[in-house]
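1. Predicted model, plus sequence, below.
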Amino acid sequence: MTQAWQIRPFCVGDEAALRKVFHASVHGLAHPFYTPAQLQAWAPADYDIQAWSERMRTNRPWVAEAADGAIAGFADLQPDGTIDMFFVAPAFARQGVARALMARLHARASQQGLRHLKAYVSLAAEPFFTAQGFVVEARQAVERAGIVLHNARMGKPLS
């Protein structure tokens, strides 16, 4: 069942809940595309709380909330048009959360006069980004904690 999602700006205090969404999304949705070692390197259970909190405060993501207040996902848009993080909780996958977040990012990009969006997209998220009009600009191998993960640099021109 698709519901309307409240998309709101990040608030200080969201950091721990967003980390839970990130970890659950990586381990719950990307597992068909990555090995357990890759998932662990990408989203370890143990993490630097201060570094994560600072990243969230710097990135200032948009947060998707369900009617009951549960955080369903989050995504950010940097001033240069880069989408740094885009994650949906597995419990809310395929319910329109990602589309709602992407619509918010497009609206924000339009307000900022951006001409191009880019993202570093996991193999799991690539079909969604393709459906949203992004194209693969390059295939990449990135290293996290000594483990190589594959992703795609994707872009989308905006009119």
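-> That came through fine.

2. What segments of this protein are strands?
-> For the chain, the strands defined by DSSP state E cover 6-9, 62-65, 71-75, 82-83, 86-88, 116-122, 135-144, 147-157.

3. Nearest spatial neighbour of residue 102, chain-adjacent residues omitted?
-> residue 132 (5.4 Å; Cβ to Cβ, 6 or more residues apart in numbering). For every residue, glycine as well, the C-beta is placed using N, CA and C.

4. Dihedrals phi and psi, that neighbour?
-> phi -90, psi 10 (degrees, to the nearest 10).

5. What separation do you get for it and residue 86?
-> 10 Å (Cβ to Cβ, to the nearest Å).

6. Now do the shared contacts for those two.
-> Common neighbours of residue 132 and residue 86 are listed as residue 102 (criterion: Cβ atoms under 8 Å, 6 or more residues apart in numbering).

7. okay, the two: which has more neighbours?
-> Using other Cβ atoms under 10 Å as the criterion, residue 132 and residue 86 rank with residue 86 on top: 24 against 17.

8. Quick check: beta-bridge partners of the more buried one?
-> Judged by DSSP bridges, the bridge partners of residue 86 are residue 75.
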